[in-house]
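[1] What follows is a predicted structure for the sequence shown.
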Amino acid sequence: MESVSAHPYQKIAKPLLMQSNLNKILLIVLAVSVLSGVGTGYFLSSKSQVELQNIPVIGKEVKNASQDTKTFRDFAEGVIKPISVSKNSNEYSEGTHILEREGAYPVTLTSSVVDLSLYEGKKVKVFGETQKALKAGWLMDVGKVEDD
């Protein structure tokens, strides 16, 4: 008679080392990605500014604030004068300049786009957007100034 082994079932398949292989693959992909990024950055930084400036821009022409006619649709004409600064620092004042108009109420002006001090004492046409004012009758955020 043949002897019967105590373990009738034998494992013929070895456990796969999937986790170890997956870690190696991820490490290789990460290393290739980092090296590709460094190589691309080095390549682009070695190009001269002239080469980069000749790259065509596809799309609409870039506009600056003074070319924006949709936002700055309000306008007024007159002479720009600076607003006198109050000695009381706690007093609220609107705007930095006043546009004095002939036969009409003055317009209080403010602007973060145009340096209004360059036009002090000159007769100009200002384009901007009317803002809600607390004290002034008409407060305008100026985006464009035309000399007369």
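    Everything's here; your move.

[2] going forward, measure contacts and count neighbours with C-alpha atoms only.
    Noted.

[3] Which helix in the protein has the most residues?
    In the chain, with assignment by DSSP state H, the single longest helix is helix 18-45.

[4] Give me the below-cutoff pLDDT ranges for the protein.
    Where the chain drops to pLDDT under 70, the residues are 1-19, 47-71, 86-87, 89-91.

[5] now the helices: where do they sit in it?
    18-45, 49-53.

[6] Rebuild the ones you listed as TSV, extending it with distance to residue 123 and mean neighbour count.
    Below are these laid out as TSV (distance: least, CA to CA, whole Å; neighbours: other CA atoms under 10 Å):
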stretch	distance to residue 123	mean neighbour count
helix 18-45	49	11
helix 49-53	39	9
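
[7] what would these look like in TSV with distance to residue 128?
    Below are the helices of the chain laid out as TSV (distance: least, CA to CA, whole Å):
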stretch	distance to residue 128
helix 18-45	41
helix 49-53	33
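
[8] For residue 138, find the nearest of those.
    helix 49-53 (43.6 Å; CA to CA).

[9] Return the distance of the nearest residue to residue 132 once chain neighbours are set aside relative to residue 73.
    In space, residue 132 comes closest to residue 139 once its chain neighbours are excluded; the distance is 6.8 Å by CA to CA, 6 or more residues apart in numbering. Note on residue 139: its distance to residue 73, by CA to CA, to the nearest Å, is 14 Å.

[10] These two: who's more crowded?
    More crowded of residue 139 and residue 73, by other CA atoms under 10 Å: residue 139, with 22 against 13.

[11] Surely that one touches residue 131?
    Yes - if you go by CA atoms under 8 Å, residue 139 and residue 131 touch, sitting 5.4 Å apart.

[12] For the nearest residue to residue 78 once chain neighbours are set aside, what are phi and psi?
    Take residue 78 and drop its neighbours on the chain: the residue closest to it by CA to CA, 6+ apart is residue 101, 4.5 Å away. The phi and psi values for residue 101, taken as degrees, to the nearest 10, are phi -110, psi 150.
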